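*Asks:* Would you be able to build a 3D model of this:
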Amino acid sequence: MKLYLAAAVLMLVLAVHTEAQDEPTLEQHFAKFQTQVKEIADDLTEKTKTTFEKLGNSEFGEKTKNWFTEQFEKMKQSLSGTFN
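*Replies:* Below is the predicted model of the structure:
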């Protein structure tokens with residue numbers, strides 16, 4: 001009979017101990033949320049930076065830059081000829 005009593009007391013202690021563990025506070029929830037948002041923002045920043053670097057170094061990027069440069073030079077020459 002003592003064994004049953006000891007087992008019951010042990011189960012009661014374990015149940016109380018499990019329930020008594022601290023749950024995260026509101027401050028801890030916000031800290032965790034802030035960390036997660038920072039990680040997502042850092043990841044997004046890195047991916048965006050990499051994408052723009054790839055675009056700038058691609059053939060399409062080079063051709064686009066050259067086209068805009070040519071158009072700007074043409075416009076400059078046209079305006080300087082008009083106002084001189």
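
*Asks:* where's the helix of greatest length in the chain relative to the chain centroid, distance-wise?
*Replies:* Determined from DSSP state H, the single longest helix within the chain is helix 26-57. The chain centre lies 2 Å from the centre of helix 26-57; the measure is Cα atoms, centre = their mean, to the nearest Å.

*Asks:* Quick one: name whatever helix or strand follows it.
*Replies:* On the C-terminal side of helix 26-57, the nearest following helix or strand under DSSP states H and E is helix 59-83.

*Asks:* Now that next one: average pLDDT?
*Replies:* Across helix 59-83, pLDDT averages out at 91.

*Asks:* Just want the angle from it to helix 26-57.
*Replies:* Using axes from the mean of the first three to the mean of the last three Cα atoms, to 10 degrees, one finds that helix 59-83 and helix 26-57 are set 70 degrees apart in direction.

*Asks:* Tell me the gap between helix 59-83 and the middle of its chain.
*Replies:* On Cα atoms, centre = their mean, the centre of helix 59-83 falls 37 Å from the chain's centre.
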